[in-house]
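A.B. asks: predicted model and sequence below, questions to follow.
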Amino acid sequence: MGAYGAHYIFRMKNNLEILAPAGSMESLIAAVRCSANAVYLGVKEINARRGATNFTFEELEQAVGYCHERNVKVYLTLNILVSDDEMQTAYDVVKKALEIGVDGFIVQDFGTAKMIREHFPSARLHASTQCSVNTPDGFRALEELGFERAVIPREMSLEEIKEIRKSTNMELEIFVHGALCMCVSGQCYLSAMIGSRSGNRGLCAQPCRLAFSADASSSCDLSLKDLSLIRHIDEIAESGVISLKIEGRMKRPEYVAAAVTACKKAIENTYDEKVERTLRSVFSRTGFTDEYFTGKRTDMFGTRQKEDVVSANDVLKELSHLYDNENPLIPIDLEFVCHEGKKTCLKATALSKTVEVYGNIPQKAINKPTTLEMAQQRLSKFGNTQYYVRNIKIELDDGLMLPASDLNSLRRTAVEELARAEKPKLEYKELSLPTPKKKSERNKKYYTARFLNPDAIPDKHPFKRIFIPLWCDDEDFIDNRAGVEIPRGLFGKEEALKKRLDRLKKIGVKNALCPNLGAYKTAQALGFNAYADFGLNVFNSTSAKMLNSPIISFEATLEQIKNIDTEDKGVIAYGSLPLMLTRNCPIKNHLGCMNCTGKLTDRKGYDFPVICSSYPCVEILNPIPLYMGDRQNEIDADFLHFYFTNESKKQVEIIMEHFENGSALDSKYTRGLYYRGVL
């Protein structure tokens with residue numbers, strides 16, 4: 001690479017934002033003192049790390065003040081699903097945060113994003129990776145919803161990221177270091193189903209780190225190594241990504257300091273093996289992986305070993321010294337005027353803000369007059385602050401004496417005035433919430449279904465709409481007058497999707513069941529009747545009204561579903577619920593495809609079916625099906641949706657007979673989360 005090219009990449013790298021996690025004030029200080037350009041944090045409500053210390057509003061004000069004085073931005077996390085009865089809380093949080101001066105909001109829930117956009121025109125929206133958008137059309141849809149930045153899914157390769165960059169004008173943010181979930185963000189329901197602790201609600205219990213084995217050997221086949229892309233920062237800069245995000249709001253300050261320092265060194269071209277060893281020592285799961293980014297996906301699994309824990313003891317104390325003192329990163333320009341018979345004046349300029357402070361009238365010198373050198377030395381003492389003197393101009397009459405205490409006082413007062421934040425003027429619209437509606441007197445609910453296997457569709461059935469997977473034969477669509485179910489994971493496959501949908505349109509397929517914003521936008525653009533599947537995580541009335549015939553999230557309770565006010569809403573009433581969507585097959589990793597068992601066994605002996613497809617992701621299903629046939633009258637919805645996976649045609653007929661009769665199943669089943677809900 002020529003000198004110009006190298007210089008250009010370095011300039012791009014210098015413009016990268018290092019975005020650090022701040023689960024506590026100590027972690028925030030560690031991030032800022034180690035040169036983070038921005039931090040992200042949560043308050044006590046409405047955020048995806050409710051187990052972190054998080055901030056009160058008083059602490060948030062202190063945090064924003066501390067950061068803004070040091071030219072560091074603060075992004076507030078609102079990245080969970082929000083129910084109707086929490087929308088007022090979300091509104092109040094946004095209003096208070098904007099009054100404090102927060103720079104942006106990281107949002108998962110589309111209804112919450114719509115509420116913010118309509119009520120707070122100055123608010124800046126960042127789309128969380130929990131939005132589960134993984135195609136160019138998906139990112140275009142986010143932009144149309146008013147998002148100014150989007151977080152790229154961790155599963156994307158460099159080439160796929162470049163494809164996204166070409167599709168949108170939004171800023172792009174990428175995770176460069178930290179824990180790596182097995183499941184695509186926003187599509188994990190494992191923790192919710194096992195213990196009501198939902199990842200979509202900020203309380204994931206990480207059961208995937210426990211034993212889920214492809215061969216019942218108690219191996220941990222859902223546990224990935226931690227991600228680290230710090231060695232790839234040149235490529236990331238060239239791809240057009242502008243923000244380097246570090247995962248870890250639950251981690252200790254030393255971890256934050258180490259990760260921020262490593263990113264900074266990579267930008268400065270001084271990242272080396274020693275820095276990486278330190279980073280690995282402070283926290284890893286048998287090392288790091290970059291294999292989603294590189295597209296290899298051959299050696300990604302790992303667990304936290306005793307050696308990983310022990311190695312941290314040697315580096316924590318050393319790392320804590322990285323943020324002992326202020327890092328003087330902010331240039332300050334000074335103008336000092338001292339004339340006989342007039343009060344002294346110090347003008348200070350930093351971060352585009354200028355203040356003037358006045359001191360005492362100088363005295364006539366008896367022995368030692370104050371010299372230019374003495375004044376400059378006193379006024380330049382910004383030790384253990386964020387400032388360093390860039391320019392200093394002094395006007396000083398001869399023969400005057402100023403005590404050192406006066407000069408020190410002027411300097412301190414100027415710093416205090418620079419730190420005094422002006423409250424932003426906030427434009428907003430009051431929130432008007434609909435009153436919870438009474439239980440409606442609906443007509444008999446109609447039925448819809450998706451079938452993984454078209455051969456299981458009964459010759460006579462009660463379904464108003466049927467959907468089968470995209471990859472089924474043309475004849476299956478024609479014979480069953482079926483709509484198309486679009487896969488949830490479409491990484492790098494949007495063009496193939498469009499070609500297949502175009503073919504299906506030509507043979508008469510009209511309906512499409514869409515699991516995310518990208519699929520929904522694609523299907524609409526191609527002229528299909530787009531229906532919203534469960535993967536869109538519809539959890540409130542606002543998001544429900546944005547979509548056609550939405551299937552409400554199965555993490556919602558029946559009471560919450562009842563209060564969702566929209567036309568034609570549906571509820572999954574039967575099926576082995578999909579608990580994970582993964583781009584890395586746990587069975588292939590452990591046993592290879594030739595020895596596929598088709599299931600994972602947990603530590604209690606339950607078998608979780610694993611479903612492959614011709615698209616880039618696999619699904620892990622709940623071992624026991626959801627069944628609501630004998631509780632249909634308790635569901636306030638317009639239609640019931642059936643999620644058929646491995647059932648035979650005969651089994652489907654038996655299940656539908658039970659629904660028609662309103663009777664209980666003879667075999668094991670679960671009520672899911674409809675009564676117990678999620679925390």
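C.D. replies: Looks like it arrived, so ask away. Computed from a prediction, not measured in an experiment: that's the story for all the values here.
A.B. asks: distance of the most far-flung residue of the chain relative to its centre from Met401?
C.D. replies: In the chain, the residue that sits farthest from the middle, by Cα atoms, centre = their mean, is Ile366; the gap is 66.4 Å. Using Cβ to Cβ, to the nearest Å, we find Ile366 at a distance of 7 Å from Met401. Just so you know, the C-beta spots here come from the backbone N, C-alpha and C atoms, and that holds for glycine as well.
A.B. asks: next: Ala419.
C.D. replies: 30 Å.
A.B. asks: give me the number of residues near His461?
C.D. replies: His461 has 17 neighbours, counted by other Cβ atoms under 10 Å.
A.B. asks: which residues does it contact?
C.D. replies: By Cβ atoms under 8 Å, 6 or more residues apart in numbering, the residues touching His461 are Ala449, Val652, Met656.
A.B. asks: buried residues, stretch 630-648. List them.
C.D. replies: Ile635, Asp636, Ala637, Asp638, Phe639, Leu640, His641, Phe642, Tyr643, Phe644, Thr645, Glu647 (16 or more other Cβ atoms under 10 Å).
A.B. asks: could you export it as CSV, CA atoms only?
C.D. replies: C-alpha atoms of stretch 630-648 as CSV (Å, rounded to 0.1, in the frame of the first residue of the first chain):
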residue,chain,number,x,y,z
ASP,A,630,-58.4,-26.2,26.1
ARG,A,631,-57.8,-22.5,27.0
GLN,A,632,-58.9,-20.9,23.7
ASN,A,633,-61.6,-18.9,25.4
GLU,A,634,-59.0,-17.2,27.6
ILE,A,635,-57.1,-15.8,24.6
ASP,A,636,-58.2,-12.4,23.4
ALA,A,637,-57.0,-12.5,19.8
ASP,A,638,-58.4,-12.6,16.3
PHE,A,639,-56.6,-15.7,15.2
LEU,A,640,-54.6,-18.6,16.6
HIS,A,641,-51.4,-19.6,14.9
PHE,A,642,-50.0,-23.2,14.8
TYR,A,643,-46.3,-23.7,14.6
PHE,A,644,-45.8,-27.2,13.2
THR,A,645,-42.3,-28.6,13.0
ASN,A,646,-41.7,-32.4,13.2
GLU,A,647,-45.4,-33.5,13.5
SER,A,648,-46.8,-36.1,11.0
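A.B. asks: quick check: mean pLDDT across it?
C.D. replies: Regarding stretch 630-648, the rounded mean pLDDT is 97.
A.B. asks: what about that stretch, distance to the chain center?
C.D. replies: On the basis of Cα atoms, centre = their mean, to the nearest Å, stretch 630-648 sits 31 Å off its chain's mean C-alpha point.
A.B. asks: try stretch 528-547
C.D. replies: Taking mean C-alpha positions (Cα atoms, centre = their mean), stretch 528-547 and its chain are 20 Å apart.
A.B. asks: likewise stretch 382-392?
C.D. replies: Its chain's C-alpha centre and that of stretch 382-392 lie 36 Å apart, by Cα atoms, centre = their mean.
A.B. asks: what lies in contact with that stretch?
C.D. replies: Outside stretch 382-392, the residues within contact range by Cβ under 8 Å, 6+ apart are 69-70, 325-336, 350, 376, 379-380, 411, 415.
A.B. asks: which residues in the stretch 251-400 of the chain form helices?
C.D. replies: Along the stretch 251-400 of the chain, counting by DSSP state H, counting those that start in this stretch, helices occupy 253-267, 273-282, 291-294, 306-313, 316-320, 372-379.
A.B. asks: point out the most buried one among those.
C.D. replies: Scoring the helices of the stretch 251-400 of the chain by mean neighbour count under mean count of other Cβ atoms under 10 Å gives helix 253-267 as the most buried, with a mean of 25.
A.B. asks: what's the angle between it and helix 273-282?
C.D. replies: 160 degrees (axes from the mean of the first three to the mean of the last three Cα atoms, to 10 degrees).
A.B. asks: Asp533: neighbouring residues, count only.
C.D. replies: Asp533: 28 neighbours (other Cβ under 10 Å).
A.B. asks: rewinding a little: quick one: which of the contacts of His461 sit in helices?
C.D. replies: Counting by DSSP state H, the contacts of His461 place Val652, Met656 in helices.
A.B. asks: of all the contacts of His461, which comes closest to Ile572?
C.D. replies: Nearest to Ile572, judged by Cβ to Cβ, of these is Ala449 at 10.3 Å.
A.B. asks: now for the closest one: which residues touch it?
C.D. replies: Contact partners of Ala449, counting by Cβ under 8 Å, 6+ apart, are His461, Phe463, Arg465, Ile466, Phe467, His641, Phe642, Tyr643, Phe644.
A.B. asks: what about it, distance to Met628?
C.D. replies: Look at Ala449 and Met628: by Cβ to Cβ, they are 14 Å apart.
A.B. asks: and if you look at Ser157?
C.D. replies: From Ser157 to Met628 the distance is 40 Å (Cβ to Cβ).
A.B. asks: what of Pro434?
C.D. replies: Distance of Pro434 to Met628, given as Cβ to Cβ: 26 Å.
A.B. asks: the two: who's more crowded?
C.D. replies: Using other Cβ under 10 Å, the more surrounded residue of Pro434 and Met628 is Met628, with 20 against 11.
A.B. asks: residues touching the more buried one, list them.
C.D. replies: With Cβ under 8 Å, 6+ apart, Met628 has these contacts: Val571, Ala573, Tyr574, Glu634, Ile635, Leu640, Arg671, Tyr674.
A.B. asks: follow-up on the earlier one: least confident of the helices of the stretch 251-400 of the chain, on average?
C.D. replies: Mean pLDDT values for the helices of the stretch 251-400 of the chain show the minimum at helix 306-313, a mean of 82.
A.B. asks: how far off centre is that helix?
C.D. replies: The answer for helix 306-313 is 28 Å, by Cα atoms, centre = their mean.
A.B. asks: what angle do that helix and helix 253-267 make?
C.D. replies: 90 degrees.
A.B. asks: can I get helix 306-313 in CSV? Just the C-alpha atoms.
C.D. replies: The C-alpha coordinates for helix 306-313 follow below in CSV (Å, rounded to 0.1, in the frame of the first residue of the first chain):
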residue,chain,number,x,y,z
LYS,A,306,-10.0,-22.2,35.8
GLU,A,307,-6.9,-20.9,34.0
ASP,A,308,-8.9,-18.0,32.6
VAL,A,309,-10.0,-17.0,36.1
VAL,A,310,-6.6,-17.3,37.6
SER,A,311,-4.9,-15.3,34.9
ALA,A,312,-7.0,-12.3,35.7
ASN,A,313,-5.5,-12.0,39.2
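A.B. asks: show me what it is packed against.
C.D. replies: Contacts defined by 3 or more Cβ pairs under 8 Å, 6 or more residues apart in numbering; DSSP states H and E place helix 306-313 against helix 273-282.
A.B. asks: residues in contact with the helix or strand harbouring Thr89?
C.D. replies: Using DSSP states H and E, the element containing Thr89 is helix 87-100. Identification of contacts with helix 87-100 by Cβ under 8 Å, 6+ apart yields 43, 45-46, 57, 60-61, 64, 76, 78, 82, 105, 111-112, 115-116, 119-120, 122-123, 423-424, 426, 428, 431, 433, 540, 542.
A.B. asks: buried members of these into ChimeraX, please.
C.D. replies: The buried residues among those can be selected in ChimeraX (16+ other Cβ under 10 Å) with this line:
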select :43,45,46,60,61,64,76,78,82,105,111,112,115,116,119,120,123,540,542
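A.B. asks: in strands, which of the contacts of helix 87-100 fall?
C.D. replies: Leu76, Leu78, Phe105 (DSSP state E).
A.B. asks: flag the least confident of those residues.
C.D. replies: Leu78 (95).
A.B. asks: show me the beta-bridge partners of it.
C.D. replies: Note on Leu78: beta-bridge partners by DSSP bridges are Val107.
A.B. asks: let me see the contact set for it.
C.D. replies: Applying Cβ under 8 Å, 6+ apart, the residues near Leu78 are Ile46, Asn47, Ala90, Val93, Val94, Phe105, Ile106, Val107, Gln108, Asp109, Thr112.
A.B. asks: repeat the analysis, applying 10 Å as the threshold.
C.D. replies: 42-43, 45-48, 90, 93-94, 97, 105-109, 112-113, 116, 125-126, 128 (Cβ atoms under 10 Å, 6 or more residues apart in numbering).
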